[in-house]
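Asks: For reference, the sequence and a predicted model appear below.
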Amino acid sequence: MSRTPRRRKARGRSRVGERFEAVVGPVAHGGHCIVRVTTDPSVEPAETRVVFTRHAIPGERVLLEITEGTEGDRFWRGDAVEVLEPSPDRVPAPCRYAGPGRCGGCDFQHVSLPAQRELKAAVVREQLSRLAHLDVPVVVEPVAGDRDGLRWRTRVQYAEDEQGRRGMRLHRSRVVIPVDDCLIAREDAREPSPELVHESVLGRDFVVSGEGFWQVHPGAPRVLVETVLEQLDPRPGEKVLDLYAGVGLFAAFLAERVGERGRVVAVEGSRVACGHARTNLGEFGRAVAVEAGAVDKVLATAYDEPFDLVVLDPPREGARRPVVEQVVDRAPRAVAYVACDPAALARDVAYFAEHGYALKGLRAFDLFPMTHHVECVALLERPA
């Protein structure tokens with residue numbers, strides 16, 4: 001099946017389809033490994049190119065095939081299409097749709113679960129070292145709710161091919177691979193829909209739109225709430241900002257902790273989610289305020305007052321500098337940063353450091369087994 005990569009300006013002759021034998025280097029952020037191939041051994045020094053290679057494990061000797069790249073590109077992309085010297089961490093992929101030229105949904109089905117977590121930990125460590133200049137030990141923890149890394153996804157969105165068959169897309173492509181059973185999806189997984197869904201976390205019920213955001217690993221909401229509360233240790237009477245608050249998951253448990261004398265302000269960009277948050281948080285009355293709007297714009301015009309604690313749970317692109325600066329302007333004693341992208345987290349940790357906030361704790365969770373994604377919760381504190 002031909003691959004249809006994303007369009008970009010060609011920079012010379014295409015190298016797509018060419019094959020190279022090479023030893024796989026370290027894992028990189030994004031579900032691939034770094035491989036350096038010799039492109040022209042006749043020149044001195046030999047001409048080499050970096051290839052971001054999927055379906056490989058560090059240390060293996062593989063035959064890789066270029067899937068994206070031209071002469072003038074700084075780097076190419078490729079797939080390990082044959083393993084010549086396998087890693088001891090290599091296992092048969094449980095899903096028959098995983099592998100080169102197949103479904104692009106999973107990155108690590110060929111890697112044992114413990115080794116998957118080690119790869120993810122290496123990525124988090126590397127991002128914090130490179131972007132935040134921190135040497136931090138990282139352990140990616142398993143979370144109850146999957147079956148040996150499978151059957152955890154509670155929501156799944158399928159594509160449809162030209163024959164009307166449901167499937168998943170090839171990596172970095174619009175080509176649809178027919179899939180009759182996605183093994184990381186639960187048997188009762190729902191597709192997005194406008195209908196309301198009721199979720200329960202630690203004995204508390206939440207209403208959320210079937211199309212709205214909710215963690216897709218069944219163990220995620222509980223472990224994230226428990227971790228945030230443990231890190232922040234909210235005290236009665238404190239004031240808390242819950243940013244990118246969604247339907248009020250963190251705000252509800254924070255409101256319980258700070259009590260009637262405290263206050264929680266939840267800021268969320270989705271007006272639909274804000275409506276559900278007001279329902280979910282209604283029992284707390286005026287002790288909780290729900291503000292609809294982009295976080296940076298809301299903080300630029302409102303709530304310009306001291307807050308004791310802040311929870312940040314931004315989308316994949318992270319909070320970014322304007323939000324970080326507005327947070328530190330409120331002078332919280334502690335910030336809990338929930339991150340699904342280690343690069344964005346490391347960048348924002350560096351921004352916090354510019355204002356004296358140090359990384360005091362970090363936990364990482366394997367909420368997306370078989371993929372390269374990892375969820376982190378970082379604790380940032382200002383000096384006493």
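Replies: Perfect, thanks for sending it.

Asks: Domains in the protein, by residue range?
Replies: 1-90, 123-152+192-381 (automatic domain parsing).

Asks: For the ones you listed, give me CSV that also has mean neighbour count, distance to D181 and mean pLDDT.
Replies: Using the backbone N, CA and C atoms, a C-beta is placed for each residue, glycine as well. Output for those, formatted as CSV (neighbours: other CB atoms under 10 Å; distance: least, CB to CB, whole Å; pLDDT from 0 to 100):
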stretch, mean neighbour count, distance to D181, mean pLDDT
domain 1-90, 16, 20, 90
domain 123-152+192-381, 19, 10, 98
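
Asks: In TSV, list those along with distance to V111.
Replies: Converted to TSV, the domains of the chain look like this (distance: least, CB to CB, whole Å):
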stretch	distance to V111
domain 1-90	6
domain 123-152+192-381	9
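
Asks: so which of those domains gets nearest S112?
Replies: S112 sits nearest to domain 1-90 of all the domains of the chain, at 5.0 Å, using CB to CB.

Asks: Now name the helix or strand holding T38.
Replies: Assessed by DSSP states H and E, T38 sits inside strand 32-40.

Asks: Check which element follows that strand along the chain.
Replies: For strand 32-40, the following helix or strand on the C-terminal side (DSSP H and E) is strand 47-54.

Asks: by contact count, what packs against the very next helix or strand once past that next one?
Replies: Sequence order places strand 61-68 as the next helix or strand after strand 47-54, per DSSP H and E. Strand 61-68 sits against strand 19-23, strand 32-40, strand 47-54, strand 75-85, with contacts defined as 3 or more CB pairs under 8 Å, 6 or more residues apart in numbering; DSSP states H and E.

Asks: Rebuild those as CSV, extending it with distance to S270.
Replies: Formatted as CSV, the helices and strands packed on strand 61-68 follow (distance: least, CB to CB, whole Å):
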stretch, distance to S270
strand 19-23, 45
strand 32-40, 32
strand 47-54, 33
strand 75-85, 34
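
Asks: Which one of those strands lies nearest to D242?
Replies: With CB to CB as the criterion, D242 lies closest to strand 32-40 of the helices and strands packed on strand 61-68, at 34.8 Å.

Asks: could you check the angle strand 61-68 makes with that closest one?
Replies: 90 degrees (axes from the mean of the first three to the mean of the last three CA atoms, to 10 degrees).

Asks: Starting from strand 32-40, tell me which strands it pairs with and how they run.
Replies: strand 27-28 (antiparallel), strand 47-54 (antiparallel) (DSSP bridges).

Asks: Give me the distance between that strand and the centre of its chain.
Replies: Centre-to-centre, strand 32-40 and its host chain are 26 Å apart (CA atoms, centre = their mean, to the nearest Å).

Asks: Could you tell me the angle between that strand and strand 75-85?
Replies: With the same axes, to 10 degrees as the basis, strand 32-40 and strand 75-85 are set at 100 degrees to each other.

Asks: quick one: the nearest residue to A122 once chain neighbours are set aside and G203, what's the gap?
Replies: The spatial neighbour of A122 that comes closest, neighbours along the chain excluded (CB to CB, 6 or more residues apart in numbering), is V27 at 5.5 Å. Distance of V27 to G203, given as CB to CB, to the nearest Å: 39 Å.

Asks: got it, and T371?
Replies: According to CB to CB, T371 stands 30 Å off from G203.

Asks: For G105, which residues are in contact?
Replies: M168, R169, C182, I184, T371 (CB atoms under 8 Å, 6 or more residues apart in numbering).

Asks: Pull the residues that contact the lengthiest helix in the chain.
Replies: Ordering each helix of the chain by length in residues (DSSP state H) puts helix 113-132 first. For helix 113-132, contacts defined as CB under 8 Å, 6+ apart pick out 26-29, 57-58, 87, 89, 108, 111, 134-142, 148-149, 342-343, 345-347, 349-350, 353, 359, 362, 364, 366, 369-370, 372, 374, 376.

Asks: Next, report how far the very next helix or strand once past that helix is displaced from the centre of its chain.
Replies: Going down the chain from helix 113-132, the next helix or strand is strand 140-141, by DSSP H and E. The chain centroid and the centroid of strand 140-141 are separated by 14 Å under CA atoms, centre = their mean.

Asks: now stretch 165-178
Replies: The chain centre lies 21 Å from the centre of stretch 165-178; the measure is CA atoms, centre = their mean.

Asks: try stretch 84-103
Replies: When distances are taken as CA atoms, centre = their mean, stretch 84-103 is centred 22 Å away from the chain's centroid.

Asks: what about V327, distance to L229?
Replies: Distance from V327 to L229, by CB to CB: 19 Å.

Asks: swap that for Q116, sorry
Replies: Relative to L229, and taking CB to CB, Q116 is found at 28 Å.

Asks: same question, C106
Replies: For C106 relative to L229 (CB to CB), the value is 32 Å.

Asks: residue boundaries of the strands in the stretch 101-250 of the chain?
Replies: In the stretch 101-250 of the chain, the strands defined using DSSP state E, counting those that start in this stretch lie at 140-141, 153-155, 159-160, 166-169, 176-178, 185-190, 196-201, 204-209, 239-243.

Asks: Kindly reformat these as a markdown table containing distance to E18.
Replies: Below are the strands of the stretch 101-250 of the chain laid out as a markdown table (distance: least, CB to CB, whole Å):
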| stretch | distance to E18 |
| --- | --- |
| strand 140-141 | 35 |
| strand 153-155 | 35 |
| strand 159-160 | 29 |
| strand 166-169 | 24 |
| strand 176-178 | 23 |
| strand 185-190 | 35 |
| strand 196-201 | 48 |
| strand 204-209 | 47 |
| strand 239-243 | 47 |
